[in-house]
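# based on what follows, work out the 3D shape:
(one chain, ligands or ions: 1)
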Amino acid sequence: MKPPFQIAVFVSGSGTNLQALLDRFSLSSTAGPRVSRVVASRPGIGAIARAEQAGVPWSVLPAGVDSDSLAEAMLNELELAGADLLVLAGFLKLIPEPVVRAHRGRILNIHPALLPAFGGPGMYGRRVHEAVLQSGARISGATVHIVDEQYDHGPIVAQWPVPVLEHDDPETLAARVLEVEHRLLPEVVDAFAAGDLTTDPAGRPKWNRTLFRDERFVLVPSKS
Ligand code: GAR
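Next up is the predicted model:
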């Protein structure tokens, strides 16, 4: 029997995107994809409690180490996870080059805005939504992209827009974006695990599955 597709998830915060993945890809799945390890950038975060609750092995990356040691620790975690895919679900550290090199095309990040706008160093969490509101943009959303050596930079795989409403503040906008993040991320991971989302030799994503039924962003139900 083919071994299950193993997903490692790196986290830094409350872990609601992790939860969406845990709900869809549980460890008890013997054949289907499953979250096999959760790796946190710091102790005591909500995401760790979610991993614990789901019975998924977790660990915390070492703090205050140089980039080479961090890369080594990450590679070690990915090995322990048997990771076929690494998902950054609210992970705020830059992925060091050796990790990108070793897992190129197999690392996905979710970002709470429509890249390439409102991304890059320092653009995470609340700050992203503040910047969107300050800019006057009327649309925001979620982006999933392939991770390269720069923050929020690699090829875009999928997006889901939401409106910016008249009386939004960073919290109301963040909540609207998070709702679509939780729906988009598991779909993209499912497609990747099924081989319906691949990359060509230039690293560009190729979809063999229809994500949205039509222009109203109704998801086409996946088979799993
Ligand atoms: C999510 O909105 C995610 O897109 C964002 O952090 C939040 C984590 O929430 N990531 C970034 O800003 C990365 N640039 P969560 O811990 O509840 O999933």
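# now do the same contact list for whichever residue of the chain sits closest to the ligand.
The ligand sits closest to Gly90 of the chain, with a gap of 2.5 Å, by Cβ to the nearest ligand atom. Where C-beta positions appear, they are placed from N, C-alpha and C, glycine not excepted. By Cβ atoms under 8 Å, 6 or more residues apart in numbering, the contact set of Gly90 is 11-18, 47, 110, 124-125.
# got it, and Ala113?
Here Ala113 is in contact with 119, 123, 128-129, 131-132, 140-143, 177 (Cβ under 8 Å, 6+ apart).
# next one: it relative to Arg204, how far apart?
Remark: distance between Ala113 and Arg204 (Cβ to Cβ, to the nearest Å) = 21 Å.
# closest one of the contacts of Ala113 to Leu22?
Of all the contacts of Ala113, Leu22 sits closest to Ala142, with 18.3 Å by Cβ to Cβ.
# helix, strand, or coil at the closest one?
strand (DSSP: H, G, I helix; E, B strand; the rest coil).
# pretty sure Val189 is touching Val35, no?
No. Assessed by Cβ atoms under 8 Å, Val189 is found out of contact with Val35, at 9.3 Å.
# what does stretch 92-104 contact?
Here stretch 92-104 has contacts from 12-13, 41, 61, 67-68, 70-71, 74-75, 78, 83, 86, 88, 107, 121, 124-125, 147-151, 203, using Cβ under 8 Å, 6+ apart.
# what's the mean pLDDT across the longest helix seen in the chain?
Using DSSP state H, we find that the single longest helix of the chain is helix 170-194. Over the span of helix 170-194, the pLDDT mean works out to 98.
# so which elements touch that helix?
helix 16-24, strand 85-88, strand 107-111, helix 126-135, strand 139-146, strand 156-163 (3 or more Cβ pairs under 8 Å, 6 or more residues apart in numbering; DSSP states H and E).
# repeat that for 6 Å
With contacts taken as 3 or more Cβ pairs under 6 Å, 6 or more residues apart in numbering; DSSP states H and E, helix 170-194 sits against helix 16-24, helix 126-135, strand 139-146, strand 156-163.
# can those go into CSV with extra columns for mean neighbour count, distance to the ligand and mean pLDDT?
Converted to CSV, the helices and strands packed on helix 170-194 look like this (neighbours: other Cβ atoms under 10 Å; distance: least, Cβ to the nearest ligand atom, whole Å; pLDDT from 0 to 100):
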stretch, mean neighbour count, distance to the ligand, mean pLDDT
helix 16-24, 22, 3, 98
helix 126-135, 17, 6, 98
strand 139-146, 23, 7, 98
strand 156-163, 18, 12, 98
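# looking at the ones you listed, which is nearest to Leu219?
strand 156-163 (9.2 Å).
# by how many degrees do that closest one and strand 107-111 diverge?
Strand 156-163 and strand 107-111 are oriented at 10 degrees to each other (axes from the mean of the first three to the mean of the last three Cα atoms, to 10 degrees).
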